[in-house]
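In: just need the structure, nothing else, for what follows:
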Amino acid sequence: MSNLYDDSHRKLQRRFDTERLADRLEQRLCHDRLSDDDRAFIARQDMFFLATVSAAGQPSCSYKGGDPGFVRSMDAGTLVFPNYDGNGMYLSMGNLSATAQVGMLFIDFARPQRLRVHGEARIVPADAIDPPFAGAQFVVSVAVQQVFPNCPRYIHAMQETKHSEFVPHEGEVAPVPKWKRMDWAVDVLPAGDPARDKPGS
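Out: Predicted structure coming up:
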């Protein structure tokens, strides 16, 4: 009995004669806890892609970035990451609030490697995590359900040049994004948004 595949996966595996290979990969590589190597890999990453699904079944994928280590493994079964100020739509966060299921894809483009984590997510207050994440509106806690690496052969080798200047840091004031100062946005910003009285970056 597979914990990873259902009938839709099996139909394609049988069509292309990969069912045996798929089973072997699940047996050898898929696990329900983060290994020490998994945790170390995640701790080095400064970005990941987050997949969620709405209550209506509409999928969404978003990019999440921060300083290396902004996704923390609290233990072998729990990951946490901060939610920073964004565009106020809360598509991913609303989705995971409704359905809880998330997929996280970590990619190291400099040393081609990738790792997938599936889990059940919930929003917790920013001050629930110690040490706290600077600038976090709140924190997402993910109970890990499945972890598995992916073949890196199609990962394009890329070199990092610099981290985003907008990532919050303790004791620093982040610059205001230019779009928040535009005419179509400035009059509908939430109360207390720094863009209401600061020039754009």
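
In: in the top helix by length along the chain, what's buried?
Out: As assigned by DSSP state H, the longest helix anywhere in the chain is helix 19-29. For helix 19-29, a neighbour-count test (16 or more other C-beta atoms under 10 Å) marks 19, 22, 25-26 as buried. Any C-beta I mention is one placed from the backbone N, CA and C, and that applies to glycine too.

In: what's the first helix or strand after it?
Out: Sequence order places helix 36-44 as the next helix or strand after helix 19-29, per DSSP states H and E.

In: show me what that following helix is packed against.
Out: Under the contact criterion of 3 or more C-beta pairs under 8 Å, 6 or more residues apart in numbering; DSSP states H and E, helix 36-44 touches strand 72-75, strand 101-108, strand 113-125.

In: let's go with 10 Å and repeat that
Out: In terms of contacts (3 or more C-beta pairs under 10 Å, 6 or more residues apart in numbering; DSSP states H and E), helix 36-44 is packed against strand 72-75, strand 78-83, strand 101-108, strand 113-125, strand 138-150.

In: what's the angle from that helix to strand 138-150?
Out: Interaxial angle of helix 36-44 relative to strand 138-150 (axes from the mean of the first three to the mean of the last three C-alpha atoms, to 10 degrees): 130 degrees.

In: neighbours of Asp127, how many?
Out: Residues near Asp127, counting by other C-beta atoms under 10 Å, number 11.

In: is it true that it lies in a strand?
Out: No. Using DSSP: H, G, I helix; E, B strand; the rest coil, the secondary structure at Asp127 is helix, not a strand.

In: pLDDT value on it, please?
Out: The per-residue pLDDT reported for Asp127 equals 96.

In: my guess is it contacts Ala136, does it?
Out: Yes. Using C-beta atoms under 10 Å, Asp127 is in contact with Ala136, at 9.1 Å.

In: straight-line length of stretch 118-132, end to end?
Out: Using C-alpha to C-alpha, to the nearest Å, one end of stretch 118-132 lies 24 Å from the other.

In: for it, list every residue counted as buried.
Out: 118-119, 121, 123, 126, 129.

In: distance between it and the chain's centre?
Out: In terms of C-alpha atoms, centre = their mean, to the nearest Å, the centre of stretch 118-132 is found 13 Å from the chain centre.

In: before we move on, back to that, for Leu50, find the nearest of the helices and strands packed on helix 36-44.
Out: Taking C-beta to C-beta, strand 101-108 is the member of those nearest to Leu50, at 5.9 Å.

In: for the closest one, packing partners?
Out: Right, strand 101-108 is packed against helix 36-44, strand 47-53, strand 59-65, strand 78-83, helix 91-99, strand 113-125, strand 138-150 by 3+ C-beta pairs under 10 Å, 6+ apart.

In: Gln159 is nearest to which of those?
Out: strand 47-53 (14.1 Å).

In: could you list the paired strands of the closest one along with their orientation?
Out: According to DSSP bridges, strand 47-53 forms sheet pairs with strand 59-65 (antiparallel), strand 101-108 (antiparallel).
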